[in-house]
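K.L.:
I'll drop the sequence and a predicted model, then ask my questions.
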Amino acid sequence: MRSLIKLRGGPWRRAAGAAAAVALLLMANTASPAESTLTGRLLVAVPEMQDSNFAQTIVYLVEHDRRGALGVVVNEPMGEVPLDLLLGERKAQDDRPEPDEAGPRVLVHYGGPVERRAPFILHSTDVMPAGSVEVDKRVAFSRDHKLLRAVAGGMGPRHLVFALGYAGWAPGQLESEIKGGGWYVIDWDESLVFGTDHADKWQRAIALHAPEL
């Protein structure tokens, strides 16, 4: 499990000017029908992956087209954090909150090595708040951390992954990595994206790819 990133001072507020690549990828999907896309599928790091940012990870691809790719790691929980801390209603005193602190808590995930202090949220499409973008019929994407308040009040989506950071690839980069044997590509699996049994997610994802090996 990766160490929990410091949450001092509500860093997502400072992330309002997101990377241009994120904005371009999320504004609209301009891929033509003939253009190959892996949007909505899962990247599984091969056992030989040497990059410590991605070793034994599973990445859900939010967008993939000729402009590049954007995804969120879904199997790297870092720890639980009080909701009021995530919403900027009080300051962090330490990297990790005390275990006996009262109030609702949220499991924070490592989402990837880019913008590692900014929120990137995947959630099911049964609830679609303002600011959420539908990736497909099963998953939506949001950068609005206030969505957590709806979850705490019982008004949020059934499934949610709150992550800090994302994984991004320049045009052609992901295709090159896949061709070079760095990633397996598998179809959507709800238990791998939204399941809470994180300890063996990567092994299960590898097993799903095994028949093709």
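P.N.:
Received, thanks. Remember, predicted model here, so these are calculated numbers, not experimental data. Numbers count the residues shown, from 1 in each chain.

K.L.:
What's the first helix or strand after the strand or helix carrying residue 167?
P.N.:
If you go by DSSP states H and E, residue 167 is part of strand 160-169. Moving toward the C-terminus from strand 160-169, the first helix or strand encountered (DSSP H and E) is helix 173-179.

K.L.:
what stretches of the chain score poorly on pLDDT?
P.N.:
1-35, 89-103, 210-213 (pLDDT under 70).

K.L.:
related to what we said a few turns ago, sheet partners, orientation included, of the strand holding residue 167?
P.N.:
Strand pairing for strand 160-169, using DSSP bridges, gives strand 68-73 (antiparallel), strand 105-110 (parallel), strand 114-124 (antiparallel).

K.L.:
can you pull the contacts of the most centrally placed residue in the chain?
P.N.:
The chain has residue 72 as the residue nearest its centroid, 2.8 Å off, counting by CA atoms, centre = their mean. With contact taken as CB atoms under 8 Å, 6 or more residues apart in numbering, residue 72 is in contact with 59-60, 62, 109, 111-112, 120, 122, 141, 161, 163, 166-167. No exception for glycine: its C-beta is placed from N, CA and C like everyone else's.

K.L.:
What of residue 87?
P.N.:
Residue 87 touches 145-146, 148-149, counting by CB under 8 Å, 6+ apart.

K.L.:
a markdown table for those, including distance to residue 44 and secondary structure?
P.N.:
Putting the contacts of residue 87 into a markdown table (distance: CB to CB, whole Å; DSSP: H, G, I helix; E, B strand; the rest coil) gives the following:
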| residue | distance to residue 44 | secondary structure |
| --- | --- | --- |
| 145 | 28 | coil |
| 146 | 32 | coil |
| 148 | 28 | helix |
| 149 | 33 | helix |
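
K.L.:
Just give me the closest of these to residue 128.
P.N.:
Nearest to residue 128 among these: residue 146, at 14.4 Å, using CB to CB.

K.L.:
Look up phi and psi at the spatially closest residue to that closest one that is not a sequence neighbour.
P.N.:
Nearest non-adjacent residue to residue 146, counting by CB to CB, 6 or more residues apart in numbering: residue 87, 6.9 Å away. Residue 87 has phi and psi values of phi -90, psi 0 when expressed as degrees, to the nearest 10.

K.L.:
what are the bridge partners for the residue nearest to the centre of the chain, then?
P.N.:
Taking DSSP bridges as the rule, residue 72 bridges to residue 60.

K.L.:
pretty sure residue 204 is touching residue 193, no?
P.N.:
No: the pair residue 204 and residue 193 fails to qualify as a contact (CB atoms under 8 Å) at a distance of 11.9 Å.

K.L.:
List the beta-bridge partners for the residue lying closest to residue 183 once chain neighbours are set aside.
P.N.:
Using CB to CB, 6+ apart and skipping the chain neighbours, the partner closest in space to residue 183 is residue 43 (4.5 Å). Judged by DSSP bridges, the bridge partners of residue 43 are residue 59, residue 185.
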